[in-house]
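1. Structure of the sequence below:
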Amino acid sequence: MKVGMVAHHYPHAAHRAEFVTRVRRVAEEFRRTPGCLSADCWLAADGDAVVSIVEWESEEASAASLAAVQAAAGLDLAYDERESRPREIVRLAAP
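-> Numbers count the residues shown, from 1 in each chain. I've put the predicted structure just below:
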């Protein structure tokens, strides 16, 4: 069963461009992992959020992919003062 994740990130305006670059690099890394069907970076229409959307072929692929991305060297995944509020992450499962 396909699964997915949608994450809304809320960088301060001064860090928005940097954050888009960060999310795009993470999406590229996700796409390299087995079982990842897609990974993209979007901007909310109001410009408030950077949204990442990832889709995998299974829950197992998702777990392995997340572990691989978290272990990847050189990726900036940490939540810190560059964000104005906590991330909102929604896990999805295909019906």
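
2. What score does G47 have for pLDDT?
-> At G47, the pLDDT value in this model is 85.

3. Secondary structure element for the residue lying closest to it once chain neighbours are set aside, which one?
-> Of all residues not flanking G47 in the chain, R16 sits nearest, at 7.7 Å (C-beta to C-beta, 6 or more residues apart in numbering). Quick note: C-beta positions are derived from backbone N, CA and C, even for glycine. Secondary structure assigned from DSSP states H and E places R16 in helix 16-31.

4. Only the C-alpha atoms, please, for that helix, written as CSV.
-> This file holds the C-alpha atoms of helix 16-31, laid out as CSV (Å, rounded to 0.1, in the frame of the first residue of the first chain):
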residue,chain,number,x,y,z
ARG,A,16,12.8,31.3,3.1
ALA,A,17,15.2,31.0,0.1
GLU,A,18,17.7,29.1,2.1
PHE,A,19,15.0,26.8,3.4
VAL,A,20,13.7,26.1,-0.1
THR,A,21,17.3,25.0,-1.0
ARG,A,22,17.4,22.8,2.1
VAL,A,23,14.1,21.1,1.3
ARG,A,24,15.0,20.6,-2.3
ARG,A,25,18.3,18.8,-1.3
VAL,A,26,16.4,16.6,1.1
ALA,A,27,13.9,15.8,-1.6
GLU,A,28,16.7,14.8,-4.0
GLU,A,29,18.1,12.5,-1.3
PHE,A,30,14.6,10.9,-0.8
ARG,A,31,14.3,10.3,-4.5
